[in-house]
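J.: A predicted structure for the sequence below; I have some questions about it.
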Amino acid sequence: MKVTLEINDDGNLSGLYTDKINLFDIGRVTNVRKASNVEFCEQAQQWQVTSIDGKILYNHTNRQQAIEWEIVHFSPGGQYYEYQQTV
């Protein structure tokens, strides 16, 4: 899976956190916020990606598929990247 980070005008990095890049090697890690949740819904029998305010954004029977969708859509350039910056 491709990792995308955004460098702001002030030199700070933004993006969906991943252990694929050790951000502590780059500098101090601050302002870490949760962007979404991936949880199993027993009633629907699917993994659901939800926004922090509880909106269901995506469903899939395969957890890894749900996680990959989350990564694509909450990373810089993704459909929900700007959304998670304002929550």
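T.: Great, that's in hand.
J.: going by C-alpha atoms from here, please, whenever you check contacts or count neighbours.
T.: Noted.
J.: low-confidence regions, this structure specifically.
T.: 1, 83-87 (pLDDT under 70).
J.: list the contacts for the residue nearest the centre of it?
T.: Geometric centre of the chain, nearest residue: Phe74, 4.2 Å, by Cα atoms, centre = their mean. For Phe74, the contact set (Cα atoms under 8 Å, 6 or more residues apart in numbering) comprises 15-16, 35, 80-81, 84.
J.: any chance of a ChimeraX selection covering the buried ones in those residues?
T.: Restricted to buried positions by 16 or more other Cα atoms under 10 Å, the ChimeraX selection for those reads:
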select :15,16,35,80,81,84
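J.: turn the contacts of Phe74 into a markdown table, including secondary structure.
T.: A markdown table is the format used below for the contacts of Phe74 (DSSP: H, G, I helix; E, B strand; the rest coil):
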| residue | secondary structure |
| --- | --- |
| Gly15 | strand |
| Leu16 | coil |
| Ala35 | coil |
| Tyr80 | coil |
| Tyr81 | helix |
| Gln84 | helix |
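J.: take the contacts of Phe74 and lay them out in CSV including distance to Asp53.
T.: As requested, the contacts of Phe74 are exported to CSV (distance: Cα to Cα, whole Å):
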residue, distance to Asp53
Gly15, 19
Leu16, 18
Ala35, 10
Tyr80, 13
Tyr81, 15
Gln84, 10
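J.: nearest to Gln43, of the contacts of Phe74?
T.: Ala35 (23.7 Å; Cα to Cα).
J.: list the contacts of Ala66.
T.: 38, 47-49, 58-60.
J.: beyond the helix or strand where Leu57 lies, next helix or strand please.
T.: Here Leu57, judged by DSSP states H and E, is contained in strand 56-60. Heading C-terminal from strand 56-60, the first helix or strand you meet, by DSSP H and E, is helix 63-74.
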